[in-house]
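Chemist: Give the three-dimensional model of this entry:
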Amino acid sequence: MTENVGMSYEGCSVYVDAADSPTVVSWLRKHLGPGGGGQDLAVGPLRVSGVFHDCSTGRKAHPFEFLEWSTVLECEAAAGAEPGAVVAAVTAVLETLWRGGWKAVAACDFEDELPACGGRECYPLPPESTSPSPEGRGRWRHLPKPGWKGKRKSV
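Modeler: The predicted structure is shown next:
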């Protein structure tokens, strides 16, 4: 794996179709090991914390519209973490969630280095001609950057 020049490997947001983040983090802890303390989880060089995604409107235009999912896992890399280790850790989180039947999509600079492009290929939106609303299309590339704490609040 080659590090892409100019890309940030400092963190990643993983959107999960789940009602509450503590359930997701507890489930991951059970399947990935007890790393971390409190409400956070350590996966390789990442600190994973679950937050409620209150940017979600509750609109269900399409079941794969991950920006409407109410749980976000903020994955923050330790200072100086190797890009390959960060990608491997996010991959472990995604694949563990998928094996457990959770719908999850990663949004980060390096999502194309993750399996299924971070989940985008697993949960495609309908073609434009059948999309229920024009505002629901083409939003995946305009996501908040990792570490953005705007309207999200920890749970």
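Chemist: which residues sit against stretch 88-96?
Modeler: 12, 14, 28, 31-32, 43-46, 48, 73, 75, 77, 104, 106, 108, 110, 114-115, 118-119 (Cβ atoms under 8 Å, 6 or more residues apart in numbering). (Glycine included, C-beta is placed from N, CA and C.)
Chemist: if you set the cut-off to 10 Å instead, what comes out?
Modeler: If you take Cβ atoms under 10 Å, 6 or more residues apart in numbering as the criterion, stretch 88-96 is touched by 1, 9, 11-12, 14, 16, 24, 27-28, 30-32, 41-46, 48, 73, 75, 77, 81-82, 102, 104-106, 108, 110-111, 113-116, 118-119, 122.
Chemist: Mark which of those are buried, thanks.
Modeler: With neighbours counted by 16 or more other Cβ atoms under 10 Å, the contacts of stretch 88-96 contain buried members at 9, 11-12, 14, 16, 24, 27-28, 32, 41-46, 48, 73, 75, 77, 81, 102, 104-106, 108, 110-111, 113-114, 118-119.
Chemist: Mind checking which of the contacts of stretch 88-96 land in helices?
Modeler: V24, W27, L28, K30, H31, L32 (DSSP state H).
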